[in-house]
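>>> What would the 3D arrangement of this be:
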Amino acid sequence: MAIETTFTKALTQKIHLLTVPQQKMATYVLENPFKVALYSIDEFAQAVQSSTASANRFAKALGYAGYAAFRQDLIKGFESVLESVHRLKEERKTVTSIQQVFSNVFNEVQNNLETTRHQLTNDSCEKAVQMILAASRVYILGFGSSGYLSGIMERRLFPYNDMAVSLSTHGGISEAARRLTFVKEGDLILAISFPRYLLDTIELAKKAKSRGAKILALTDKLTAPIVPIADCVLYGQSQTQYGQNSEASTLALIEGLLAAVDYASDRSVELATEMAETLAPWLVNPNN
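Sure, this is the predicted structure:
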């Protein structure tokens, strides 16, 4: 699918003013904006089978001082999408072994967990737990990698509310939207929204709120797009050099929230006992 930004629109309007070789370069840019945004001038010249001097002349023909300025303008509009790619490229220049990658990831997780722990407040933790326990129904909203996390939350919350439902289903976004047409006052939307922030999560949460539902959000920072519509927010740092997010700290935040629900519910011991009795015949006893 073609990517349209302010830059690509402007380039499309100028393409007829370029020489034939430069038009071929422009066509390559329009077809591969992500790649070109990451290319050095040498990489771009090689990709379009030209020289660095020609690449510079191409940029100047478009009104830029040179290729660097051209590339900087191209990046605008999807910086957040390319951020993880830039980080990974830089990391590959400095890491010397596979073991070091393991060590770096563990250090990242430790730092994320420590930051997440310090971001928690007593008021937000208490409110989040009470919102879950008081809800008539809990709809867990998370797509992409957050869809897997929403499944964990559904599994753990089901004993407390048999109407706890993960909206990350085989039907995708349209099925989630269909189910949310039945949301009403007294229901809770538990929205998991981390970079890259998916527009579907934000829009569906807005729709549910307009129908009277409360919004409990798990996200990474105050400027996250889910924050303005949330009634309560729990923040978790998820930075990593090896992708867009580290799911480890988000999972830890979820584990903490669910453990707090266990602690706060008057029925937790009763439910745990019933669960243990039900599962016992299907579990392997290591002493037998």
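
>>> What are the phi and psi values at the residue lying closest to Gly144 once chain neighbours are set aside?
Nearest non-adjacent residue to Gly144, counting by C-beta to C-beta, 6 or more residues apart in numbering: Leu198, 6.1 Å away. Every residue, glycine included, has its C-beta placed from N, CA and C. Per-residue torsions, Leu198: phi -90, psi 130 (degrees, to the nearest 10).

>>> what does Ile98 give?
Torsion angles at Ile98 (phi, psi; degrees, to the nearest 10) stand at phi -60, psi -40.

>>> What is the burial count for it?
8 (other C-beta atoms under 10 Å).

>>> could you show me where the helices are in this structure, in order?
6-14, 20-31, 33-38, 41-47, 52-61, 67-75, 79-94, 98-119, 122-134, 146-157, 172-180, 199-210, 247-264, 268-279 (DSSP state H).

>>> Considering these, which stretch scores lowest in mean pLDDT?
Mean pLDDT per stretch puts helix 79-94 lowest among these, at a mean of 62.

>>> For Gln237, which of the helices of the chain is the nearest?
For the helices of the chain, proximity to Gln237 was assessed by C-beta to C-beta; helix 98-119 is nearest, at 4.2 Å.

>>> Next, the buried residues of stretch 206-225.
For stretch 206-225, a neighbour-count test (16 or more other C-beta atoms under 10 Å) marks 208-209, 213-220, 224 as buried.

>>> returning to that earlier point: any idea how many residues pack against the residue nearest to Gly144?
Neighbours of Leu198 using other C-beta under 10 Å come to 20.

>>> Filter the buried residues of stretch 206-225 down to the ones in strands?
Counted as lying in strands by DSSP state E, out of the buried residues of stretch 206-225, are 214-219.

>>> ok, so of those residues, who is nearest Thr5?
Thr219 (25.0 Å).

>>> correct me, but that closest one touches Val233?
Yes: under the criterion of C-beta atoms under 8 Å, Thr219 makes contact with Val233 at 6.3 Å.

>>> Common neighbours of those two, please.
Residues touching both Thr219 and Val233 (C-beta atoms under 8 Å, 6 or more residues apart in numbering) are 226-227.

>>> Setting aside sequence neighbours, what's the nearest residue to Arg57?
Of all residues not flanking Arg57 in the chain, Gln22 sits nearest, at 7.5 Å (C-beta to C-beta, 6+ apart).

>>> Next, the contact list for the one you found, please.
Here Gln22 is in contact with 57-58, 61 (C-beta under 8 Å, 6+ apart).

>>> Most neighbours among these, which one is it?
Within these, most neighbours by other C-beta under 10 Å means Phe58, with 25 neighbours.

>>> Would you mind measuring from it to Asn122?
Distance, Phe58 to Asn122, using C-beta to C-beta, to the nearest Å: 58 Å.

>>> Likewise for Thr8?
According to C-beta to C-beta, Thr8 and Asn122 sit 48 Å apart.

>>> And for Lys207, nearest residue in space, chain neighbours not counted?
In space, Lys207 is closest to Leu180, 6.2 Å off (C-beta to C-beta, 6+ apart).

>>> Compare Thr8 and Asn122 (neighbour count), which wins?
Remark: of Thr8 and Asn122, Thr8 carries more neighbours, 17 against 7, as counted by other C-beta under 10 Å.

>>> thinking that one is in contact with Glu31, fair?
No: using C-beta under 8 Å, Thr8 is not in contact with Glu31; the gap is 10.1 Å.

>>> which ones are touching Gly186?
The neighbourhood of Gly186, defined by C-beta under 8 Å, 6+ apart, consists of 135-137, 212-213.

>>> typo on my end, Val29
8, 11, 36, 74.

>>> Mind doing that once more with 10 Å?
Neighbouring residues of Val29 by C-beta atoms under 10 Å, 6 or more residues apart in numbering: 7-8, 11, 15, 35-37, 39, 44, 47-48, 58, 62, 70-71, 74.

>>> And for Phe194?
For Phe194, the contacting residues are 142, 144-146, 149, 201, 218-221, 224, 226, 236-238, 244-247, 249-250, by C-beta under 10 Å, 6+ apart.
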